[in-house]
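[1] following is a predicted model, sequence given first.
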Amino acid sequence: MTDHLTVVDHPLVQHKLTLMRDKGTSTAGFRRLLREITQLLAYEITREMELTTTNIETPMEEMDAPILAGKKLALVSILRAGNGMLDGVLELIPSARVGFVGLYRDEETLEPVQYYFKAPEALEDRLVIAVDPMLATGNSSAAAIDLLKEAGANNIRFLCLLASPEGVARMKEAHPDVPIVTASLDRQLNEKGYILPGLGDAGDRMFGTK
């Protein structure tokens, strides 16, 4: 573990990830597991959110109690697979604002091509969590973070299910100020840019497409 990369080795996270890797897991099961594992990862990535206090009355007495400070968190899905992680975080933080970055990977160059960008206002005042199940080459992730920074974001974290060493290195080079939280640092990429041992294409497995 480094400051830049946190691998969440909680037993429930690792158990659910194994079920997700299994090619025999159904589309419905994969989606459910992704939502559940994202909640557990979100617990870790939000650990250092700032708190302030508010005065409330319990049934017993008045007290100053902790409450989240500042503007609502911004959750940004890197389309399309990132959408599978939104629900898990939103169940924990239903007031979060949501944005979307649309990128697809050119199969020849493996470089990202942007087709959509919509982000909440005042990103400079929010903790921004970008979500994408796979940090593979890191090119799309780095490009998405570029767009968020251009839109004003300055406190960004990246949440993924799996990461490759190549993707982590690419992100550290491009955005050393953006911590990564993942369930596993896998072995390597193959020649097509897929993570090994991985779990296949997260979008295809989530939405039942080929």
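    Yes, it's here. Residues are numbered from 1 along each chain as shown.
[2] where does G167 fall, secondary structure wise?
    Using DSSP states H and E, G167 falls within helix 165-174.
[3] what about the longest helix in this structure?
    For the chain, the helix that runs over the most residues, judged by DSSP state H, is helix 27-45.
[4] packing partners for the helix or strand bottoming out on mean pLDDT in the chain?
    Least confident helix or strand, the chain: helix 202-207 with a mean of 86, by mean pLDDT, DSSP states H and E. Counting by 3 or more CB pairs under 8 Å, 6 or more residues apart in numbering; DSSP states H and E, the packing neighbours recorded for helix 202-207 are helix 27-45, helix 83-92. C-betas here are computed from N, CA, C, even on glycine.
[5] give me the average confidence score over the next helix or strand after the shortest one.
    The C-terminal neighbour of helix 83-92 among helices and strands, as given by DSSP H and E, is strand 97-105. Across strand 97-105, pLDDT averages out at 89.
[6] over to stretch 117-128?
    93.
[7] quick one: buried residues of that stretch?
    Neighbour-count burial for stretch 117-128 flags 117, 119-120, 123, 126-128 (criterion: 16 or more other CB atoms under 10 Å).
[8] which two of those have the greatest separation?
    F117 and L127 (19.1 Å; CB to CB).
[9] hmm, L135 is touching L159, no?
    No. Using CB atoms under 8 Å, L135 is not in contact with L159, being 9.6 Å away.
[10] intersection of neighbour lists for these two?
    180, 182 (CB atoms under 8 Å, 6 or more residues apart in numbering).
[11] now the longest helix of the chain, how far from the centre of its chain.
    11 Å (CA atoms, centre = their mean, to the nearest Å).
[12] what residues does that helix touch?
    Contacts for helix 27-45 (CB under 8 Å, 6+ apart): 6, 8, 10, 12-13, 16-17, 19-20, 25, 84-85, 87-89, 91-93, 129, 131, 133, 157, 159, 161, 179, 181-183, 202, 205-208.
[13] buried subset of the residues you listed as a ChimeraX selection?
    Filtering the contacts of helix 27-45 down to the buried ones (16+ other CB under 10 Å) takes a single ChimeraX command:
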select :6,8,13,16,17,19,20,25,84,85,88,89,93,129,131,133,157,159,161,179,181,182,183,202,205,206
